[in-house]
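Student: build me a model from this:
(chains A and B)
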Number of protein chains: 2
Amino acid sequence: MNATPKATGPNSTGKLLYAQSGGVTAVINATAGAVIETCRRHKINVYAARNGILGALREDLIDTSKESTSAIRALAHTPGGAFGSCRVKLKSLEDDRAKYERLIEVFRAHDIRWFLYNGGNDSADTALKLSKLGKATGYDIRCIGVPKTVDNDLAVTDCCPGFGSVAKYTAVSLRECALDVTSMMDTSTKVFVMEVMGRHAGWIAAAAGLAGAGRDDAPHVILFPELTFDEEKFLARVRETVDRVGCCVVAASEGIRYADGRFVADAHAGTDAFGHTQLGGVAPALAGMVRAKLKLKTHWALPDYLQRSARHIASKTDVEQAQAVGRAAVEYALAGENAVMPVIKRVSDSPYRWKIEMAKLDQIANREKKLPRAYVTKDGFHVTAAARRYLSPLIDGEAPPPFGPDGLPKYVALKNAAVRKKLPPFETAG
Amino acid sequence: MNATPKATGPNSTGKLLYAQSGGVTAVINATAGAVIETCRRHKINVYAARNGILGALREDLIDTSKESTSAIRALAHTPGGAFGSCRVKLKSLEDDRAKYERLIEVFRAHDIRWFLYNGGNDSADTALKLSKLGKATGYDIRCIGVPKTVDNDLAVTDCCPGFGSVAKYTAVSLRECALDVTSMMDTSTKVFVMEVMGRHAGWIAAAAGLAGAGRDDAPHVILFPELTFDEEKFLARVRETVDRVGCCVVAASEGIRYADGRFVADAHAGTDAFGHTQLGGVAPALAGMVRAKLKLKTHWALPDYLQRSARHIASKTDVEQAQAVGRAAVEYALAGENAVMPVIKRVSDSPYRWKIEMAKLDQIANREKKLPRAYVTKDGFHVTAAARRYLSPLIDGEAPPPFGPDGLPKYVALKNAAVRKKLPPFETAG
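Tutor: Numbering: from 1, shown residues only, chains lettered A, B, ... in the order given. All right, here's what the predicted structure looks like:
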C-alpha cells in the first residue's frame, strides 16, 4: 500500500466525496450506505455530490453528517439514487480540461481528500483521469471507482452490483408471466414477448433463461444483442415452439440488431396517426412481426425502469456485494490507494463463494464485457449450462425491504442538506 | 338454506367441479387450493375443468385427488391458472342451448353435483344460467360463483380477489420507479408513464395513487378510463408538474379514451416501416405526445401480464380473501345453496375488518362496478382520501412465496391427470 494522504486521521478535516453515476439500480444506495457507515467508523465525514458529477462541478455538495444513523442504515433497502445521479460523461483531459480542473478546485476548496465514484466504465475512466490530474497538479486526492451497473458489463470484476437484482427480477417475472400465458394459451395469447435492458450486452437477457430449465419451459426463445437478429429463423423458432408447447415466451434484449447494424426497435419505428414518431421498443416490434407473419395472438411487456428499481425482489447476494464494494472502497481510499476499484472475485460456483479484490482502474475504464459465446446455445436462442453456473448464484437469496402498515416498502428519503458554497458558479453545459 | 342434494355425504360418489375463467391472477390458485382442501375435509372429490369452461364442454376433466397434499397447499402461493383458464363467454340460453345442455350432460355423466365457477361477471352469468337449466331439466346441480378479477369491477362484493395483489404490485412498482426517475431527472428522463390494466374501470390506476401521499410525490398524474382524456389539460398538467417538481410520473389506465369514444391507444396506432400495424399501448402514445408537444425526454413501462401474475409481491389480505371465498363457496354448495356467490363485506376501514357474505348471482351477473367519481379528485388527475381509505387495506401485508436455493419462487406444477371420458366428443367452436 502507498503512503496515506496527510489529511487522514481522527483530527483531520479531510472529507470523502461520494458520487453516483449513470443509471441507478436497486442496490446502489446499499453501496452508499456502506461507504458512509464505514467512514463514520473511521470518523471521516462524507460529502455526496448532488446529481452525480454535476454536483461536484456545480459545488452542489451534500453533508451526510446531517443524516441519522437509521436513515443511513435504510439506504441498504432503498432503490434509486439517494443523492441523485446523472448521465454526464467527461471527455478526455484535453477536451474537458476546464471541468477536470474545476473538480480539483472544488476538492481543494472543501478539503476533499478521497473521491469515490460509483458507476460503470465511464465513471472508472473519470476517476482515473482525476487521479492523474491530482498528481499532475500536486493536489493529494485518492480516486477510487466503485462498481455499479445493471448491465454487468464491467471488465475484471466477476459481476457488477446491481446486476444480480435485475437478473432476479427478470427471472422471477418471466417465470410468473409464463404461468399466466400457459394457463390461457388455449384461447388467448400464444406468443408473449418480454423486453429486457442491455443495449450492448446480453447479461439480463441471459438471466431470463434462469426462469425455466426444461426444453419446454419458458423462456422458449432468448434474443441476445451479441448475435445478429435473423427474422426468418426467429419466426420459424416461434412457430415450432407454439406447435410443440402451445405457446412461446420470448425474452428479448432491447439492443438486438439486424445484420445491417440497425436496432430492431429503430427499424420498426413508425409514425402514428398524429404524425408523431412512435416510441417503439423491441417487444412491440417483435410482437407486430409475429402477428403479421404468423397470425398468432401476442402480448408483450416492457418493464423499463421497473426492472432496475425493483428493490422489493432484490437478490440478497447482490445487496451483500453492493455493501462489500462500498466498504472496501473506503478502506482502499483511507489506506492511500489511488486509481483502483474493489472488484468481486468468484472463488467457487457451488457452493458460491466470493471475495473482494483490488483492481486497477486502467484495466476497467472504457472496456465492456459482453456475454461470452459459450454462454449461448449453438442455435443462439438460449443459455448454456455454463451460463447457468455463472448466473444462478447471483440471484440467490431474498433481502426484502421492511414494509409499513400501508402495505408499501419503507424507503428512506434523505434530508440532503447542502454544504455552503465557497466558490463562484461554474458553467457545466457543453 | 335449501335442502342438500341427494348425492352429498361421505358415501356419495358426487363430485364437485371447479373451473377457472377469464384472465388469471396472482391468487386465483389460492382460491382453487382452498376449494380442494375444504372438499377434502368433507370427503368430496374435486374435478377441475381443463382450460376453464372449455374443459367442461370437451369433457376434459382433471382428477385433483391425484395431487398430493403438499401440491394442493402450494397452490396458495402459485400464480397463473393451475388447471388452465379461457376467454370463452357463453351466450344466452337460447343462442347457446347446445352448449349449456352439453354441460349438463357432462355433469350427469360424471355425477357432478356442485359446480364452482371462479371468475368475473361473465362467469357469474354462466353459473346462473346453468343453475336454471339444471332446474328446468331436473338435474340436481348447485352452481356457485366464486369471485376473481384484477379489474375489481364485480358488483355487490366490496372488492375482488386478485385486485389487492395487482394493486400492491402497481403501488410498489410505481414508488420504486419514481425513485429512479427522481434520481436522474436533472439530466435524463423528465416524464415517465406507466401503463396499467383496467380497460373499463380505473381501480388499478387508482391503486397507483397509493405510491405517494404528498402533493409532489409520484404519481403526479393518474389517468382513469371513467373520465374523458383531454390532451391539452393533460399536457398542461405535465408541463406544470415538471416545472415544479423536476419530473412527472404518470399512471395511465389502458382504457382511457378521447371525447369521441376512441381509445387513446387505438387512436395513436400507426404503421411501422415494414407496413405492420403497430401494437401500441397508452404508455407509448402518451410518451410520444409529451415528446412531440413538450419536447421533454420520456420513458415508459408497460408491465402487461407481469402485473397480474406477480405473486412474489402479492397482498396478504388478497391471498386471505381469495382463500376465504374458496372455502365459503364449498360450504354454500354443500349446504345446498344455488346461484349464489360468496362476497367480501367490509366491516370497517381502520382497523380493516371484513367477512364473507352470500350474494345472489343475479345481482352480480353482467354488471360492472366502476370507480366512483368521489374517489377521483375534482381535477380528475388523482385519488381522494376516500379512495385511499378504501384501497389501502387491500394492499396490506406481504405473503411471499417460498424461494428455492436457485433464488426463484417455488411454484407448483400439478400433474393434472385426466378423468377418463365417457361421452362422444363435442364441437366447441362457434
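
Student: C-alpha only now, for contacts and for neighbours.
Tutor: OK.

Student: right, and A:Asp186 touches B:Arg50 too?
Tutor: No - using CA atoms under 8 Å, A:Asp186 makes no contact with B:Arg50, being 9.8 Å away.

Student: so which of the two has more stuff around it?
Tutor: Neighbours per residue (other CA atoms under 10 Å in any protein chain shown) separate A:Asp186 from B:Arg50, with B:Arg50 holding more: 28 against 19.

Student: that one reaches B:Leu57, doesn't it?
Tutor: No - shown here, B:Arg50 and B:Leu57 do not form a contact pair, counting by CA under 8 Å, at 9.8 Å.

Student: ok, which stretches of the stretch 251-400 of chain A are helices?
Tutor: Here the stretch 251-400 of chain A has its helices, by DSSP state H, counting those that start in this stretch, at A:264-267, A:282-294, A:305-309, A:316-334, A:385-391.

Student: out of those helices, flag the one nearest B:Ala252.
Tutor: helix A:305-309 (15.2 Å; CA to CA).

Student: can I get that closest one in CSV? Just the C-alpha atoms.
Tutor: The C-alpha trace of helix A:305-309 is given here as CSV (Å, rounded to 0.1, in the frame of the first residue of the first chain):
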residue,chain,number,x,y,z
TYR,A,305,-37.2,1.3,-15.1
LEU,A,306,-39.3,-1.1,-13.1
GLN,A,307,-36.7,-3.8,-13.6
ARG,A,308,-33.7,-1.8,-12.3
SER,A,309,-35.5,-0.3,-9.4
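
Student: would it count as contacting chain B?
Tutor: Yes - for helix A:305-309, a contact with chain B is found by CA under 8 Å from any CA of the partner chain, at A:Tyr305, A:Leu306, A:Ser309.

Student: among the residues you listed, which one sits closest to B:Thr428?
Tutor: A:Leu306 (40.7 Å).

Student: okay, A:Pro424 and A:Asp63: tell me how far apart.
Tutor: Counting by CA to CA, to the nearest Å, the gap from A:Pro424 to A:Asp63 is 19 Å.

Student: what do you get for A:Ala155?
Tutor: 32 Å.

Student: in stretch A:87-97, what's buried?
Tutor: Within stretch A:87-97, the residues scored as buried using 16 or more other CA atoms under 10 Å in any protein chain shown are A:Arg87, A:Val88, A:Leu90, A:Leu93.

Student: grab the longest helix from chain A for me.
Tutor: Looking across chain A with DSSP state H, the single longest helix is helix A:163-184.

Student: most neighbours of all the residues of helix A:305-309 next to chain B, which one?
Tutor: A:Ser309 leads those on contacts (other CA under 10 Å) with 32 neighbours.

Student: check the buried residues of stretch A:87-97 one by one and keep those near chain B.
Tutor: A:Arg87, A:Val88.

Student: from the buried residues of stretch A:87-97, which single one is nearest A:Ile144?
Tutor: Nearest to A:Ile144 among the buried residues of stretch A:87-97, counting by CA to CA, is A:Leu90 at 16.4 Å.

Student: who's in contact with the closest one?
Tutor: Residues counted as contacts of A:Leu90 (CA atoms under 8 Å, 6 or more residues apart in numbering or on different chains) are A:Asp96, A:Lys99, A:Thr126.

Student: which of those fall within helices?
Tutor: Using DSSP H, the subset of the contacts of A:Leu90 located in helices is A:Lys99, A:Thr126.

Student: could you dump the contacts of A:Leu90 to TSV with distance to chain B and pLDDT?
Tutor: Shown next, in TSV, are the contacts of A:Leu90 (distance: CA to the nearest CA, whole Å; pLDDT from 0 to 100):
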residue	distance to chain B	pLDDT
A:Asp96	18	93
A:Lys99	17	95
A:Thr126	18	94
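
Student: now the contacts of A:Leu90 in CSV, with distance to B:Arg113?
Tutor: Output for the contacts of A:Leu90, formatted as CSV (distance: CA to CA, whole Å):
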residue, distance to B:Arg113
A:Asp96, 80
A:Lys99, 80
A:Thr126, 74
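
Student: quick revisit: looking at A:Pro424 and A:Asp63, which one has more neighbours?
Tutor: Remark: of A:Pro424 and A:Asp63, A:Asp63 carries more neighbours, 19 against 7, as counted by other CA under 10 Å.

Student: dihedrals phi and psi, that one?
Tutor: phi -90, psi 100 (degrees, to the nearest 10).

Student: so what's it scoring on pLDDT?
Tutor: On the pLDDT scale, A:Asp63 is placed at 98.

Student: bridge partners for it, pull those for me.
Tutor: Beta-bridge partners for A:Asp63, by DSSP bridges, are A:Tyr47.

Student: what's the host helix or strand of A:Leu54 in contact with?
Tutor: For A:Leu54, the host element (DSSP states H and E) is helix A:53-57. Among residues not part of helix A:53-57, those counted as contacts by CA under 8 Å, 6+ apart are A:19-21, A:49-50, A:60-61, A:85-86, A:88, A:99, A:102-103, A:106, A:426, A:428.

Student: quick check on these: which are buried?
Tutor: A:19-21, A:49-50, A:60-61, A:85-86, A:88, A:99, A:102-103, A:106.

Student: got those residues as a markdown table, with distance to A:Val347 columns?
Tutor: Output for the buried ones among the contacts of helix A:53-57, formatted as a markdown table (distance: CA to CA, whole Å):
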| residue | distance to A:Val347 |
| --- | --- |
| A:Ala19 | 30 |
| A:Gln20 | 28 |
| A:Ser21 | 29 |
| A:Ala49 | 35 |
| A:Arg50 | 36 |
| A:Asp60 | 41 |
| A:Leu61 | 39 |
| A:Ser85 | 32 |
| A:Cys86 | 34 |
| A:Val88 | 35 |
| A:Lys99 | 40 |
| A:Arg102 | 41 |
| A:Leu103 | 38 |
| A:Val106 | 40 |
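
Student: out of those, which sit inside helices?
Tutor: A:Lys99, A:Arg102, A:Leu103, A:Val106.

Student: which of those lies closest to chain B?
Tutor: The closest of these to chain B turns out to be A:Lys99 (CA to the nearest CA; 16.9 Å).

Student: how many neighbours does the nearest residue to that closest one once chain neighbours are set aside have?
Tutor: Spatial nearest neighbour of A:Lys99, excluding adjacent residues (CA to CA, 6 or more residues apart in numbering or on different chains): A:Leu57 at 6.9 Å. A:Leu57 sits with 24 neighbouring residues when counted by other CA under 10 Å.

Student: where's A:Leu57 relative to A:Leu116, distance?
Tutor: A:Leu57 sits at a distance of 15 Å from A:Leu116 (criterion: CA to CA).

Student: quick one: least confident helix or strand in chain A?
Tutor: Every helix and strand in chain A was compared by mean pLDDT, DSSP states H and E; the lowest is strand A:270-272, with a mean of 68.

Student: determine which stretch of the helices of the stretch 251-400 of chain A is the most buried.
Tutor: helix A:305-309 (a mean of 28; mean count of other CA atoms under 10 Å in any protein chain shown).

Student: what's the distance between it and the middle of its chain?
Tutor: On the basis of CA atoms, centre = their mean, to the nearest Å, helix A:305-309 sits 10 Å off its chain's mean C-alpha point.

Student: just the mean pLDDT for it, thanks.
Tutor: The model assigns helix A:305-309 a mean pLDDT of 98.

Student: picking that back up, out of the buried residues of stretch A:87-97, which one sits closest to chain B?
Tutor: Among those, and counting by CA to the nearest CA, the member closest to chain B is A:Arg87, at 6.1 Å.

Student: one step back: what angle separates the longest helix of chain A from helix A:316-334?
Tutor: Helix A:163-184 and helix A:316-334 are oriented at 170 degrees to each other (axes from the mean of the first three to the mean of the last three CA atoms, to 10 degrees).

Student: helices or strands up against whatever helix or strand comes next after helix A:163-184?
Tutor: For helix A:163-184, the following helix or strand on the C-terminal side (DSSP H and E) is strand A:191-196. If contacts are counted by 3 or more CA pairs under 8 Å, 6 or more residues apart in numbering or on different chains; DSSP states H and E, strand A:191-196 sits against helix A:163-184, strand A:248-253, helix A:282-294, strand A:298-301.

Student: mind putting the ones you listed into JSON lines with mean pLDDT and distance to A:Asp318?
Tutor: Converted to JSON lines, the helices and strands packed on strand A:191-196 look like this (pLDDT from 0 to 100; distance: least, CA to CA, whole Å):
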{"stretch": "helix A:163-184", "mean pLDDT": "98", "distance to A:Asp318": "5"}
{"stretch": "strand A:248-253", "mean pLDDT": "98", "distance to A:Asp318": "21"}
{"stretch": "helix A:282-294", "mean pLDDT": "95", "distance to A:Asp318": "27"}
{"stretch": "strand A:298-301", "mean pLDDT": "96", "distance to A:Asp318": "25"}
